[in-house]
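In: Structure for this input, please:
(4 chains)
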Number of protein chains: 4
Amino acid sequence: MVSRTKYKVKFYDTDLMKVIHHSNYIRWFEIGRVELLRKVGVTLEEMMDDGYVFPITEVEAKFHHPGTFDDELIIETTPTALTKVKMEFDYRIIRMDGDKETVLVTGHTQNVYTSMKTGRITRLPEKYMVRFAKAMEE
Amino acid sequence: MVSRTKYKVKFYDTDLMKVIHHSNYIRWFEIGRVELLRKVGVTLEEMMDDGYVFPITEVEAKFHHPGTFDDELIIETTPTALTKVKMEFDYRIIRMDGDKETVLVTGHTQNVYTSMKTGRITRLPEKYMVRFAKAMEE
Amino acid sequence: MVSRTKYKVKFYDTDLMKVIHHSNYIRWFEIGRVELLRKVGVTLEEMMDDGYVFPITEVEAKFHHPGTFDDELIIETTPTALTKVKMEFDYRIIRMDGDKETVLVTGHTQNVYTSMKTGRITRLPEKYMVRFAKAMEE
Amino acid sequence: MVSRTKYKVKFYDTDLMKVIHHSNYIRWFEIGRVELLRKVGVTLEEMMDDGYVFPITEVEAKFHHPGTFDDELIIETTPTALTKVKMEFDYRIIRMDGDKETVLVTGHTQNVYTSMKTGRITRLPEKYMVRFAKAMEE
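Out: Model (predicted):
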């Protein structure tokens, strides 16, 4: 599954070089994975209610072109691994300009699961696996 | 008591008009009141451990001069009311330029106390009042 | 004219009290006034190309109820003065819950115009007044 | 040269999982490289006055342990390449707890130089190389 979420760049997303501050793209990766998981019925609320948090353990991003205020962006998210021990996603942040698409940023993240009780890395229960399998389908 | 906390403006605090984005001053008011309360031995951790949260209910700010990247600021915080039902503070954000001081922003905030159990507005216990009285001294 | 813009609360908008950090509402006021001005054909780009910046000079907000992650919000913006010397707006940030609307935050801002050349407060040219008049209509 | 800059975690740096939102560490990498460059006399202002911007092209981070509100952090920055075509840095974000140091995050960034006139990637003039050499010394 590939999830595409729109985001319109806000004035407050820019910095004095008149472009989007790069830390915002890292935040928008999060929007992308939240939306993708929601599409297969997995919400942060359910996971937290079940006693899991899922801290991010790795992030990588390459910045190809600068974006700026008022740009119409697509956050494109593709899961590359959704298992009992981790979630991994690829991202492309794309600027839409009529029919023209410009890839501004590409990236990758990894999250693992941690038990809220023990504070230690843990495995996610079986019940999530069907939904994860759906997300991993083409 | 007047509390003065230093803050050096970061690149990421700016926007495309090449000045500090105004929402940051609202965040820096928070730094100011946290530091003032700490100086009289009141920490957010203790209040939360005691079952209280203290949401902000009002904020006002006047922006007199723009600040920018690398400015050396002072967040000056003065409590105007610290009671069982609310906390109120006045703020001045001052840019230091050698001996010269320029007031960039003035402001005021109000917080009230809410019980984490009931979610309702509540009164703070007596034990905080001695420390609050100290903060209210000249 | 009243402008209504949707905003879905992001994970990164929250703080450790599990609610929206209050500084974000101040940022969302900005989204509201940008969108309202765009609806009558006034863009920040045109104003900046004409040599004007329009720093915010005052903000006031009252926080009535906390919001949190995943809330569906409406940023409601109403101009109260759009003249050659200033822009003033009222805001309501409303949480939508099916048919139920809860006003989370109300606020007010004022911006003035500054010449990029002189750095001083200035008057906006006549050409903007027709569009401003349209925005002020019921 | 290794540069160490202190940072005390603010309330507004946290999210509803009660830890520092990961995007903030990416911002703090920026604080680290700005301070390191300043120590050898290179400022963003001079580079911009000379007509250069230096967009970030790559960022990588590994998150080892969560941090939270009030943590005393050290942003440790080590340049790994400072040439006419790029700047590369390694980072460690360390939590100080008395004598105990815990590495929360490690990372790496790359910036390249772009001409403000042409918008294209360019080489930095010779004059910066002496200062860069100093920064690269042990």
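In: wait, residue A:34 sits on residue A:42?
Out: No. Using Cβ atoms under 8 Å, residue A:34 is not in contact with residue A:42; the gap is 9.6 Å. To be clear about C-beta, it is placed using only N, CA and C from the backbone, and glycine gets the same treatment.
In: Now look at the helix or strand that residue A:110 is a member of and say if it contacts chain C.
Out: Here residue A:110 is covered by strand A:100-112, with elements defined by DSSP states H and E. No. On the criterion Cβ under 8 Å from any Cβ of the partner chain, strand A:100-112 is out of touch with chain C, staying 12.1 Å away.
In: That strand pairs with which strands?
Out: Next to strand A:100-112 in the sheet, as set by DSSP bridges, lie strand A:56-63 (antiparallel), strand A:86-97 (antiparallel).
In: who's in contact with whichever helix or strand comes after the shortest one?
Out: Once strand A:56-63 ends, the next helix or strand along the chain (criterion: DSSP H and E) is strand A:72-82. Applying Cβ atoms under 8 Å, 6 or more residues apart in numbering or on different chains, the contact partners of strand A:72-82 are A:1-9, A:28-29, A:31-33, A:35-36, A:67, A:87-97, A:101, A:104, A:108, A:132-133, A:135-136.
In: what about 6 Å?
Out: Outside strand A:72-82, the residues within contact range by Cβ atoms under 6 Å, 6 or more residues apart in numbering or on different chains are A:2-5, A:7-8, A:28, A:31-33, A:36, A:88-96, A:132, A:135-136.
In: Filter the residues you listed down to the buried ones.
Out: Those of the contacts of strand A:72-82 that meet the buried threshold are A:3, A:5, A:7, A:28, A:31-33, A:36, A:88-95, A:132, A:135, by 16 or more other Cβ atoms under 10 Å in any protein chain shown.
In: list the buried ones in the longest helix anywhere in chain A?
Out: Longest helix in chain A by number of residues, with DSSP state H as the criterion: helix A:23-39. Residues A:23-34, A:36-37 are the ones in helix A:23-39 that count as buried (16+ other Cβ under 10 Å).
In: ditto for stretch A:74-81
Out: If you call a residue buried by 16+ other Cβ under 10 Å, then stretch A:74-81 has these buried ones: A:74-79.
In: Over to stretch A:121-135?
Out: Quick answer for stretch A:121-135 (16+ other Cβ under 10 Å): A:122, A:124, A:128, A:132, A:135.
In: one step back: show me what the longest helix of chain A is packed up against.
Out: Here helix A:23-39 touches strand A:3-8, strand A:72-82, strand A:86-97, strand A:100-112, helix D:23-39, going by 3 or more Cβ pairs under 6 Å, 6 or more residues apart in numbering or on different chains; DSSP states H and E.
In: Can you add mean pLDDT and give the ones you listed back as TSV?
Out: Output for the helices and strands packed on helix A:23-39, formatted as TSV (pLDDT from 0 to 100):
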stretch	mean pLDDT
strand A:3-8	98
strand A:72-82	98
strand A:86-97	98
strand A:100-112	98
helix D:23-39	98
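In: Give me the contact list for the longest helix of chain A.
Out: Outside helix A:23-39, the residues that touch it by Cβ under 6 Å, 6+ apart are A:3, A:5, A:7, A:13, A:75, A:77, A:89, A:91, A:93, A:105, A:107, A:109, C:10-12, D:23, D:26-27.
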